[in-house]
Structures are given as C-alpha cells and as structure tokens.
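# sequence first, then the predicted structure, then my questions.
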Amino acid sequence: MKIWILTEGKKKWGIYPYQRFKAEFRALGHDLELINARDLEIIEPVEKTDRVLYQSRYKKLPDVVIPRMGSAASYISLAGLRQLENLGVFVLNGANSIAQARDKLHSIQILSQNNIPLPKTMLARMPLDSEWVKKHFDFPLIVKTVAGSQGKGVLLCDKPSHLEDIFHLIGKTNDERQILILQEFISASKGKDLRVFVIGGRAVGAMLRSAGNDGYKANFSRGGSVLNFPLNPELEWLAVESAKALNLDIAGVDILMDKEGYRVCEVNSSPGFEGFEQATGLNIPLEILRFISLKTEGTAL
C-alpha cells in the first residue's frame, strides 16, 4: 500500500510520530513518504485523475493520506488536501474536519450543538467589557487563542486587571489571528487532564496527564507526566461522540475532570502520541493501520 504522511512545511523523519509510522508501516511492507502539503499544486479542471501536481511534476496518487498538520494547517495545505480528496484518495482526516477542529471556538460550537458537556466558553470582543466578563465568569479563567497546540496560546488569568492588560496588548496588534477565547477554569482539574485517543470511531485508550510542576498545563510536550487511565463508558462515549461530531477518523480528545463528571476541553485532529504510547503501551501506528485496512480492504491486519 502506498501511504503519504501529509505535513505542513518540510519535515524530517526524526520527529517521533514520523519515526513510529516509518518503523511500523515499512516493517509490514508499505511504501511511506513524507509529503509537504504546501508543495501540492492545484489546477482545475484536473488533467490527470490518477496523479497530482507536486513540486511542478505529476506524482502518482497514493492509496491513503494521513494528514499531520493539525492546528498549523494553512489555507494552502488544506486546499491541497481537498484536491487529494476530490481525486478519490482515502484521507484521514479530511480537510473540512481539520479546519473545524483547529478553530477552537468553531469546534466548541459544534460540540455544544451535539450536547457534549463543555466548560463555559465565549468569544472575547474588543473593546473588552470587563464588567460583563465578571458577571458571567469567575476568576481565575482561561484565555486561549483561536488556534494552538501543545499548550501554546493558553494563559491562566487570575483577576480582571490581568485580563484587561492582556486585551490592551492584543488590541494594539489589530491582528485577526490574535482573536481570543475566554473559558471557564475547572479548578478540580488544575494541572491534570485526560487524553483519549479515538481511531475509526473507537476509543483505543486513555491517559492521565499531570503538569510537571505547580502549573496548570498538563501537556507531555511541556514536561508533564503521563499514566495509563482505565476507560469507562462515560469517557468512551464523550470521546467517540466528540470525534464523530467533528467528523474525525483520528482524534485526541482532551477531557477535564469536574466534581460532577467530565467535560471536553478540546479535540485535536493531529494528536501527538509519544506520551500516549509510553503511558498505555499501545502501538498507535499499528492501530491506525488496522483501521486503514478495514476501510480499504475490508479486513483487519
């Protein structure tokens, strides 16, 4: 089987997920390539339906594309991915699904429409009405950028004056990319959360992430520790339904632990899995390959 890992910009095999895909896929005899989505060229109507223009030359289409762009996905890269979808290539995940997931507010709106329990969330508007914010939110609260991953673009704001300082700074940039989201801080989950990995509509496992210090960001990539966490029916339902709502074949669903249950924080379309494999002992590339085999050949590995 010919498989492309679609990246945002030029990437090398040394990155952990690519190393793992390379080791597992090639061991089973699959042809694997790293493809920079930004180098896919789009001309309509297409002249050849069995290949695509890549770096100004025609390249034979793969059987499967696994996008690894996530929140970094650009307009150009998503357009290239759509081209591959239009040519009939099996992709996981699709361009529209990635675009929805990378926009944190849009994804929250979709999850809310599907009755997924969430922290209270709002789009912050300029000029900031701090009195209105104090009326609807308790402090501390979380301030997020619309797109981001690995804990980047997330701040804990402990009082209204700090929030005003943040918005005064952001307001001066007049940059649409700096639109901010305000989100309820779930104190019971401070410094810890759950990551559930969903592949093909199935929750394959879960891990507990804890901050590496007295902080509030539990990301493994930022030094957090990870432990296996037993799946239960509520966790499975939340994760699977969240991925389904965003039409994601592969998803990392981040879930907060409230005193009264669980709430979904966000859903990632290109989740890292170094910490997840370490915590759970699962083989994520092999789990993905099993799903691909079921979808393309009708049989499991």
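It's in.
# now do the strands in the stretch 201-301 of the chain.
Secondary structure of the stretch 201-301 of the chain (DSSP state E, counting those that start in this stretch): strands at 202-210, 225-228, 250-258, 261-268.
# of those strands, which is nearest Leu81?
Closest to Leu81 of the strands of the stretch 201-301 of the chain is strand 250-258 (C-beta to C-beta; 13.8 Å). (Glycine included, C-beta is placed from N, CA and C.)
# I'd like the strands of the stretch 201-301 of the chain as a markdown table, with mean pLDDT appended.
What follows is the strands of the stretch 201-301 of the chain, written out as a markdown table (pLDDT from 0 to 100):
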| stretch | mean pLDDT |
| --- | --- |
| strand 202-210 | 96 |
| strand 225-228 | 93 |
| strand 250-258 | 95 |
| strand 261-268 | 94 |
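# any chance of the ones you listed in TSV, plus mean neighbour count and distance to Phe25?
Below are the strands of the stretch 201-301 of the chain laid out as TSV (neighbours: other C-beta atoms under 10 Å; distance: least, C-beta to C-beta, whole Å):
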stretch	mean neighbour count	distance to Phe25
strand 202-210	19	18
strand 225-228	16	24
strand 250-258	22	15
strand 261-268	22	21
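# between these, which one is closest to Arg26.
Of those, the one closest to Arg26 (C-beta to C-beta) turns out to be strand 250-258, at 19.7 Å.
# relative to the whole chain's centre, how far out is the closest one?
Distance of strand 250-258 from the chain centroid (C-alpha atoms, centre = their mean, to the nearest Å) equals 10 Å.
# residues near Leu289, how many?
23 (other C-beta atoms under 10 Å).
# repeat that for Ala245.
The tally of other residues near Ala245 (other C-beta under 10 Å) stands at 19.
# OK, contacts around it?
Ala245 makes contact with Ile110, Leu111, Gln113, Asn114, Ile116, according to C-beta atoms under 8 Å, 6 or more residues apart in numbering.
# likewise Ile179?
Going by C-beta under 8 Å, 6+ apart, Ile179 touches Leu123, Ala124, Thr145, Val146.
# re the thing from before, closest to Tyr75 among the contacts of Ala245?
Distance to Tyr75, by C-beta to C-beta, is smallest for Ile110 among the contacts of Ala245, at 20.1 Å.
# list the buried residues of the helix or strand where that closest one lies.
Following DSSP states H and E, one finds Ile110 within helix 104-113. Neighbour-count burial for helix 104-113, counted by 16 or more other C-beta atoms under 10 Å, picks out Lys104, Leu105, Ser107, Ile108, Ile110, Leu111.
# and for stretch 49-59?
Applying 16+ other C-beta under 10 Å to stretch 49-59 flags Val52, Leu53, Tyr54 as buried.
# what mean pLDDT does stretch 281-292 get?
Mean per-residue pLDDT for stretch 281-292: 97.
# contacts for it next, please.
Identification of contacts with stretch 281-292 by C-beta under 8 Å, 6+ apart yields 1, 3, 20-21, 23-25, 28, 30, 64, 66, 90, 92, 197, 199-200, 204-205, 228, 249-250, 273, 276-277, 300-301.
# off-centre distance for that stretch?
With C-alpha atoms, centre = their mean as the basis, the mean position of stretch 281-292 lies at 17 Å from the chain mean.
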